[in-house]
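Enquirer: Need coordinates for the following:
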Amino acid sequence: MAGRIHRVSRRNVLQGMSGLVGAAALGCSGSEAQQQDQNLIACFSGKKKKHALAPRGAFGNVQNIVILMMENRSFDHAFGALSIDPDRFDDHDNHLGGEGRKDVNGLTGDEQNLDLSGKPVRIFRQNKTQLGDLAHEWDNCHRQYDWEGSGVPKNDGFVREHESDVVKGDKSYCATYKYFDKNIGCPPPETPMGIFTRNELPVSYALADQYTLCDNWYASVLGPTWPNRFYLHAGQCRGQKANKPELGMKSI
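Expert: Numbering: from 1, shown residues only. This next block holds a predicted model:
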């Protein structure tokens, strides 16, 4: 992340602690992070002067380790625009928000999936952040990854898998799944190819600017929520494929 003298590279962070570091690692102390919101925002946005701290062993001056588990989002969905050429637009003449970063392993702007009719659906600028839910159980995820089941993963089934669900109408996963007893409806079939930019995710992009951005971002299990949570806490999912708790598993 060259270009700003206060940025810390991914390599330096991972060499020191093999994980993600809280604000304290860059000179914003733990006490600052516990003060009022305006102080935390100022710390994140770089408005407070950061002083270089002398290293203390492998962990240096790290005071806090923050483990962040993202859910139902991919790196390309959230930060893929960083590597797109700034001159690129989508098929609807919306600017893709590309920033031309060569140091980020994101999108090129040429990515596409086929729909059920065989028509290509290219990535596009998504201007809504509340999208509704896309099916992401074990079988759904594997078809998204390899639509024909050829054994050669191509990430070619995202649009077709979601469209296959949408056409079920009121019986579809996206029409019946509820967040806090509320369903907001099925998003359009092309939704899996939508991406966000700095305008839609200003806080996430501000953090990416100031701190370390890990661009090789994968789930432990190509499946639903709970097995991935098990891996975070226990280093395994005990073969669980379904999206339900597993009692009695020892954590690490």
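Enquirer: where along this protein do the strands fall?
Expert: Ranges of strands within the chain are 112-114, 120-122, 124-125, 194-195, based on DSSP state E.
Enquirer: and residue 78, what does it touch?
Expert: Going by CB atoms under 8 Å, 6 or more residues apart in numbering, residue 78 touches 70, 196, 201, 204. Where C-beta positions appear, they are placed from N, C-alpha and C, glycine not excepted.
Enquirer: let's see 10 Å
Expert: Residue 78 sits next to 70, 106, 195-197, 200-201, 204-205, 208, 217 when contact means CB atoms under 10 Å, 6 or more residues apart in numbering.
Enquirer: Out of those residues, who's the most crowded?
Expert: Among those, the one with the most neighbours (other CB atoms under 10 Å) is residue 195, at 25 neighbours.
Enquirer: and that one, bridged to which residues?
Expert: Beta-bridge partners of residue 195, counted by DSSP bridges, are residue 125.
Enquirer: Just the pLDDT at it, thanks.
Expert: Here, the pLDDT recorded for residue 195 equals 97.
Enquirer: Quick one: residues contacting it.
Expert: If a contact means CB under 10 Å, 6+ apart, then residue 195 has 74, 76-81, 84, 90, 96-98, 106-107, 109, 111, 123-126 as its contacts.
Enquirer: and what of residue 149?
Expert: Residue 149 neighbours (CB under 10 Å, 6+ apart): 142-143, 157.
Enquirer: circling back: and the contacts of residue 78, which of them are in helices?
Expert: Of the contacts of residue 78, the ones assigned to helices by DSSP state H are 204-205, 208.
Enquirer: Serialize the contacts of residue 149 to JSON lines and add fields for pLDDT, distance to residue 246 and neighbour count.
Expert: Formatted as JSON lines, these follow (pLDDT from 0 to 100; distance: CB to CB, whole Å; neighbours: other CB atoms under 10 Å):
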{"residue": "142", "pLDDT": "95", "distance to residue 246": "20", "neighbour count": "16"}
{"residue": "143", "pLDDT": "96", "distance to residue 246": "24", "neighbour count": "18"}
{"residue": "157", "pLDDT": "97", "distance to residue 246": "27", "neighbour count": "23"}
